[in-house]
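*Asks:* output the structure for:
(4 chains)
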2 protein chains.
Amino acid sequence: MTTSPGGEPAERTKAAVLEDVAGLAGVSAMTVSRVLNAPEKVRPETRARVLAAVQELGYRPNFAARSLVTGRSGVLGVVSFDTTLYGPASTLYAIERAAREHDYLVNIASLEAMTRRSIAEGVDRLRQQSVDGVIVIVPHESAADGLRDLPPDLPVVDVGGGERLSVPAVAVDHHAGAVRATRHLLELGHETVHHLSGPANWIDANNRMQGWRHALRGREIPPPLAGDWSANSGYEQGKRLSRDPSVTAVFVANDPMALGLMRAFREAGRRVPEDVSVVGYDDVPEAAHFWPPLTTVRQNFATLGRQAFQLLLNRMVGHDTSERRTVEPELVVRESTSRR
Amino acid sequence: MTTSPGGEPAERTKAAVLEDVAGLAGVSAMTVSRVLNAPEKVRPETRARVLAAVQELGYRPNFAARSLVTGRSGVLGVVSFDTTLYGPASTLYAIERAAREHDYLVNIASLEAMTRRSIAEGVDRLRQQSVDGVIVIVPHESAADGLRDLPPDLPVVDVGGGERLSVPAVAVDHHAGAVRATRHLLELGHETVHHLSGPANWIDANNRMQGWRHALRGREIPPPLAGDWSANSGYEQGKRLSRDPSVTAVFVANDPMALGLMRAFREAGRRVPEDVSVVGYDDVPEAAHFWPPLTTVRQNFATLGRQAFQLLLNRMVGHDTSERRTVEPELVVRESTSRR
DNA sequence: GCGAAGACTGTTATCGCTAACATAAAACGT
DNA sequence: ACGTTTTATGTTAGCGATAACAGTCTTCGC
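*Replies:* This is a model prediction of the structure:
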């Protein structure tokens, strides 16, 4: 039933199935299955014979059949917004690596928009391909709502979402990061610190803004500006800020915006750091080579991703925690900040 | 068999299956299946009844069962090296978008290393979860070999690989891009153009280097330096180059390295573009805000990704092309280059 | 008014695998 | 030596969907 008519055993028309291997090894299909899933339960010589047959036929278990009967797929999903951004991309990468080590595959669903609906849709798309669990990287207010609509039977872990989520979560402590950045500037003798924030309703943006506010307590708090994370928006808002001569220190909510802002200041004739000090956020790999090298807050995305996977793994094996883990960011001082 | 004991119909213990829906709608399972897959073959009123039942039970088809019998999974795989890099990340994103529009899901396998072995392993991992096709983004010499070992029954499309591949491929014409960059510098009156290349054995790096060489024919061709794509390597090699006073123009194989290089030149007291002109490659979103704004070669990763998906789709439906498509890069002139 | 074609819907078999139980063979204690 | 446990393998019965075929009921032409 298995032998190909014309000679070469490697030349089969259809892919080999369990039964074929069993036939060739002279055992039952079940034994082959065991060799693959619980080798210790099969006598070494039998095992060897089966393995040889597997090898010879180039047998590969049928994923669909297996997961139909086991109810597990070995695939997990990641819902993310714009995986082109440094943060999500790095987190995704770390998740993928962690997943691979545990023999999980990662399926991605990026979102066009960040609405409650689109999150639900993203999760849904993944669920239809029966992922075993989902990690949601949507640092937006809408995520909180989006996560509420989820079916309770699907293990979900959130990354960088809000505080009051019903699911396990990992997040960087942006409040602390912002405080560190702002204090650093105050300690350098600046009267106050201006802030260029991320877009409204982004959790990260809000947390950083709050941290900034917190560190500024008791002082004059200038009205914050908001960008859209892009260098370009940093440039535009920078142009505006540079007209205000009282500005001597700016805490910018991410590195690309800081880059744009520094360009605007430079073009306006205000030197960084001599006239104005700037602190960014993220520590993208290029930040050390900006002009001037950027003082910034480093987020450890690798840890973030790994922790997210760990949490998901816990939930998938049943531990019904709604644990929340925090990753501490770190201030990296370079040359874009100086004493007043 | 389906009704929950205590009231709320939404509260079932096990997920509803086809049979449950059929029961509730008073039809056979087959009819339900048809409503879902070929609605026009079912009378409108029956269809409505079935749909209502689907709704009520929150029925979702079982992916594994479906793909077991149809032999298709609706998932495609992307094998890529370091999805944190701008190029791969953008390509991946475009692929994912295109895939979504055609109701495919994307599975990723990032590679630790870029050897022939690791590529084969990556493809294998994906194949085990029975993807319907694979897109390989590995712009490295090893890819060519890695692709040779692949099973012939799996549709594969290559992105940015070498020229002599046996599979359909999409690639940016880096040779042309490099020629444009180099000519631009020559036309500005520079005697010759130096080159900071990417790492050896990267296809893109080689193509760009060849284009640079080609555009320089008839002139003195300075020995190229090589970096590893990182801003840091650009900085290091930039320090070396900046010691050579004869250097007036540099074509750098990507934007981050150009950033590092410009920093090195600035620190060495050589102004860009007054003393030295620099051209980068990629046009990352930040390039317009580098100091000075970087003249660079823009790659359209979105198109690249979309085309790759198209090609894969063609192969999956059977068209056995080994078509090779090319995407043209575009020179974007900014302020890092000036007349000699 | 009646057979044929068409429109719907149902039945059966099967995809490839593994859980659970059944059996056979080997190992063991007394 | 003989029941009992242990170890190794085989058998059976689905998992949840769809393909292919088989009916049933309309509809229609003449």
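*Asks:* how about the lowest-mean-pLDDT helix or strand in chain A, which residues are buried there?
*Replies:* Here the helix or strand of chain A ranked lowest by mean pLDDT, DSSP states H and E is helix A:141-148, holding a mean of 78. Counting neighbours by 16 or more other CB atoms under 10 Å in any protein chain shown, one finds that the buried residues in helix A:141-148 are A:141-144, A:146-147. Every C-beta, even on glycine, is put in place using the N, C-alpha and C of the backbone.
*Asks:* and for stretch A:104-119?
*Replies:* A:104-111, A:114, A:116, A:118-119.
*Asks:* ends of it, how far apart?
*Replies:* 22 Å (CA to CA, to the nearest Å).
*Asks:* that stretch close to chain B?
*Replies:* Yes. Applying CB under 8 Å from any CB of the partner chain, one finds stretch A:104-119 touching chain B at A:105-110.
*Asks:* which among the buried residues of stretch A:104-119 gets closest to A:Leu85?
*Replies:* A:Ser110 (10.6 Å; CB to CB).
*Asks:* around DNA strand D, pick out the residues from chain A.
*Replies:* A:26-31, A:34, A:41-43, A:46-47, A:65, A:68-69 (CB under 7 Å from any atom of the strand).
*Asks:* which of these fall in helices?
*Replies:* Among the residues of chain A next to DNA strand D, the members falling in helices (DSSP state H) are A:29-31, A:34, A:46-47, A:65, A:68-69.
*Asks:* quick one: the buried residues of stretch A:104-119 as a markdown table, columns for pLDDT and distance to A:Val54 too.
*Replies:* What follows is the buried residues of stretch A:104-119, written out as a markdown table (pLDDT from 0 to 100; distance: CB to CB, whole Å):
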| residue | pLDDT | distance to A:Val54 |
| --- | --- | --- |
| A:Tyr104 | 93 | 23 |
| A:Leu105 | 93 | 21 |
| A:Val106 | 95 | 27 |
| A:Asn107 | 94 | 27 |
| A:Ile108 | 94 | 31 |
| A:Ala109 | 93 | 34 |
| A:Ser110 | 90 | 37 |
| A:Leu111 | 89 | 41 |
| A:Met114 | 81 | 47 |
| A:Arg116 | 80 | 48 |
| A:Ser118 | 85 | 44 |
| A:Ile119 | 85 | 42 |
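*Asks:* which strand or helix spans A:Cys108?
*Replies:* Quick fix: residue A:108 reads Ile, not Cys. strand A:105-111 (DSSP states H and E).
*Asks:* could you export the least confident helix or strand of chain A as PDB, CA atoms only?
*Replies:* Extracted in PDB, the C-alpha atoms of helix A:141-148 (Å, rounded to 0.1, in the frame of the first residue of the first chain):
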ATOM      1  CA  GLU A 141      -6.900  52.500  26.700                       C
ATOM      2  CA  SER A 142      -9.100  50.600  24.300                       C
ATOM      3  CA  ALA A 143      -7.300  47.400  25.200                       C
ATOM      4  CA  ALA A 144      -8.800  47.300  28.600                       C
ATOM      5  CA  ASP A 145     -12.300  47.300  27.100                       C
ATOM      6  CA  GLY A 146     -11.200  45.000  24.300                       C
ATOM      7  CA  LEU A 147     -10.000  42.500  26.800                       C
ATOM      8  CA  ARG A 148     -13.200  42.500  28.700                       C
END
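*Asks:* taking strand A:105-111 as reference, get the angle to it.
*Replies:* 120 degrees (axes from the mean of the first three to the mean of the last three CA atoms, to 10 degrees).
*Asks:* which neighbouring elements make contact with helix A:141-148?
*Replies:* The contact analysis (3 or more CB pairs under 8 Å, 6 or more residues apart in numbering or on different chains; DSSP states H and E) places helix A:141-148 against helix A:116-128, strand A:133-137, strand A:156-159, helix A:203-215.
*Asks:* could the ones you listed be laid out in TSV, adding distance to B:Leu304?
*Replies:* Listed next are those as TSV, based on distance: least, CB to CB, whole Å:
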stretch	distance to B:Leu304
helix A:116-128	23
strand A:133-137	24
strand A:156-159	28
helix A:203-215	30
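*Asks:* the ones you listed: which one's closest to A:Ser233?
*Replies:* Proximity to A:Ser233 (CB to CB) singles out helix A:203-215 among the helices and strands packed on helix A:141-148, at 12.0 Å.
*Asks:* and the least confident helix or strand of chain A, how far out from the chain's middle?
*Replies:* Chain-centre distance of helix A:141-148: 17 Å, with CA atoms, centre = their mean, to the nearest Å.
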